[in-house]
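Asker: Below is the sequence, then the predicted model.
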Amino acid sequence: MCRLAALKSTQPLSPVLALRMMQAMQKGHDNSGFAMVMQDLEGAFADFKKYPLLSMACTSQGLEAAEEILETLGFTLKFDWQPDTVSAAGLDFRKMPHYVFRNYRYPEAFQQKPFSEQKALLVQTRLHLRQALAAIDGGFVYSFWPDVLTLKEIGNPSDIGTYFDLWKEESRLTARVISAQCRQNTNYKIVRYAAHPFFLEGYTLMANGENTNYQRNKEFQQNLHPGYLGFESDSQCFLYTLHYIREKLAWPLKYYKHVITPLPFEEMRARPDADILLRVRQACSHLEINGPNTIIFVLPAGEMGLVTDAKKLRPVVIGRHEEKVITASEVCGVDMVIPQRDPASDIYPSEREMLLINNQLEIEQWIQ
């Protein structure tokens, strides 16, 4: 199984906390990889929040191709952050030649455009870069978005943390929201794109479980949006469904749960909103999921959400102390980061709940 670690705080956090959580939950994962998405960045990126941040791992040829594409499109470099790497002997991971974390200015023609047009450009550019690098086996483009940094690697999480110097308490790489997981997608071919968390247009999502409706979800989704692609993991469908409901259909967030794990028909018909729920289920039946799952997501405004499958077959716990809210696959992961909290106040979501941690760190619980 995957092991998930999600951290949300009013103060900037270092990735070392996510690594410690993964270390505590080590018996539940297979040391095949480490990936994280950091949002609401501080530290090195504090002054560049409004500039799109490119996160990429590539070869020298891939770097040259990406630079040429960005220059042709009119993007200009604003800030180039180089991680302090530690090339110790015997590190167990598949190191890429180059790691790129760069902020860019929008092309001049887009600098005064509304964000709706800017974000369409960013999606198109990321997909262009991804396709170009794939054609030459030149690397991987994970995200190109303001105030978002993505790292995905194959290998031992501890060694990955060592190489990128992430074990330090004090780091120039900090954020108020960190989503991380510690296992590559070993059900299928191992590729970096398949590693959770997944990201699209400000939405981040990771899951612990399986989606036996994967093929049905994929066939429905793959022509809905240019960003719904790859499908290297069956859990990517969960991200695309969340994005589709919020961005394409413009439905309230609560309907995400009703789409992926709808109520039984007899329960639906007994409710005052039965007509709406029946229409939702009819319209989105191809987006229902099946199988054991815990899903953790982050919305573009920074709120963090959590849902489980209808049978509650994957564990998850939420703990809180002062300025932090921590979500983990196992309580030992929460213990590692906030042992001083009151465990009696921990939340173990039910199979019919959606939880939302807002930007004031209030935990909202909604019963389906």
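Answerer: Okay, I see it.

Asker: Make sure Pro292 is actually in contact with Asp309.
Answerer: Yes. Between Pro292 and Asp309 there is a contact under Cβ atoms under 8 Å: 5.6 Å. Where C-beta positions appear, they are placed from N, C-alpha and C, glycine not excepted.

Asker: Let's see stretch 191-206 as CSV, backbone CA atoms only.
Answerer: Provided in CSV are the C-alpha atoms of stretch 191-206 (Å, rounded to 0.1, in the frame of the first residue of the first chain):
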residue,chain,number,x,y,z
VAL,A,191,7.5,5.8,-14.2
ARG,A,192,7.9,9.1,-12.4
TYR,A,193,4.6,10.4,-13.7
ALA,A,194,2.8,7.6,-11.9
ALA,A,195,3.9,8.7,-8.5
HIS,A,196,1.4,10.4,-6.3
PRO,A,197,0.7,13.3,-5.7
PHE,A,198,-0.8,14.4,-9.0
PHE,A,199,-1.2,18.0,-9.9
LEU,A,200,-3.4,19.9,-12.4
GLU,A,201,-4.3,23.7,-12.5
GLY,A,202,-3.9,24.2,-8.8
TYR,A,203,-5.4,20.9,-7.7
THR,A,204,-3.2,18.3,-5.9
LEU,A,205,-4.4,14.8,-5.1
MET,A,206,-2.9,11.6,-3.8
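
Asker: any idea how far that stretch is from the chain center?
Answerer: 4 Å (Cα atoms, centre = their mean, to the nearest Å).

Asker: Report the buried residues of that stretch.
Answerer: 192-206 (16 or more other Cβ atoms under 10 Å).

Asker: ok, now which ones touch Pro315?
Answerer: Thr294, Ser329, Glu330 (Cβ atoms under 8 Å, 6 or more residues apart in numbering).

Asker: one step back: closest to Lys8 among the buried residues of stretch 191-206?
Answerer: Nearest to Lys8 among the buried residues of stretch 191-206: Thr204, at 11.5 Å, using Cβ to Cβ.

Asker: now what about the longest helix belonging to the chain, what contacts it?
Answerer: Using DSSP state H, we find that the single longest helix of the chain is helix 115-135. With Cβ under 8 Å, 6+ apart as the test, helix 115-135 has contacts from 52, 54, 56, 58, 62, 65-66, 69-70, 73, 75, 106-107, 110, 138-141, 143-145, 200-202, 226-227, 229.

Asker: try 7 Å
Answerer: Contact partners of helix 115-135, identified using Cβ atoms under 7 Å, 6 or more residues apart in numbering, comprise 52, 58, 62, 65-66, 69, 73, 106, 110, 139-141, 144-145, 201, 226-227.

Asker: I'd like the average pLDDT over it.
Answerer: Average pLDDT, helix 115-135: 97.

Asker: Would you mind listing the buried residues in that helix?
Answerer: Per 16+ other Cβ under 10 Å, helix 115-135 contains these buried residues: Gln118, Lys119, Leu121, Leu122, Val123, Thr125, Arg126, His128, Leu129, Arg130, Ala132, Leu133.

Asker: Same check on stretch 224-240?
Answerer: 225, 227-229, 231-240.

Asker: export these to CSV and tack on pLDDT and secondary structure?
Answerer: Listed next are the buried residues of stretch 224-240 as CSV, based on pLDDT from 0 to 100; DSSP: H, G, I helix; E, B strand; the rest coil:
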residue, pLDDT, secondary structure
His225, 95, coil
Gly227, 95, coil
Tyr228, 97, coil
Leu229, 93, coil
Phe231, 90, coil
Glu232, 86, coil
Ser233, 87, coil
Asp234, 88, coil
Ser235, 89, coil
Gln236, 93, helix
Cys237, 95, helix
Phe238, 96, helix
Leu239, 97, helix
Tyr240, 98, helix
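
Asker: re earlier: put the buried members of the contacts of helix 115-135 into a ChimeraX selection.
Answerer: The following ChimeraX line selects those of these that are buried, judged by 16+ other Cβ under 10 Å:
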select :52,58,62,65,66,69,73,106,110,139,140,141,144,145,201,227
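
Asker: Tell me which of the contacts of helix 115-135 fall in helices.
Answerer: Gly62, Ala65, Ala66, Ile69, Leu73.

Asker: would CSV of those residues with distance to Arg20 and pLDDT be doable?
Answerer: Below are these laid out as CSV (distance: Cβ to Cβ, whole Å; pLDDT from 0 to 100):
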residue, distance to Arg20, pLDDT
Gly62, 32, 98
Ala65, 37, 98
Ala66, 33, 98
Ile69, 38, 98
Leu73, 40, 98
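
Asker: quick one: secondary structure of Thr150?
Answerer: Applying DSSP: H, G, I helix; E, B strand; the rest coil to Thr150 yields a three-state assignment of strand.

Asker: correct me, but it touches Val37?
Answerer: Yes. The criterion here is Cβ atoms under 7 Å, and Thr150 meets it with Val37 at 5.1 Å.
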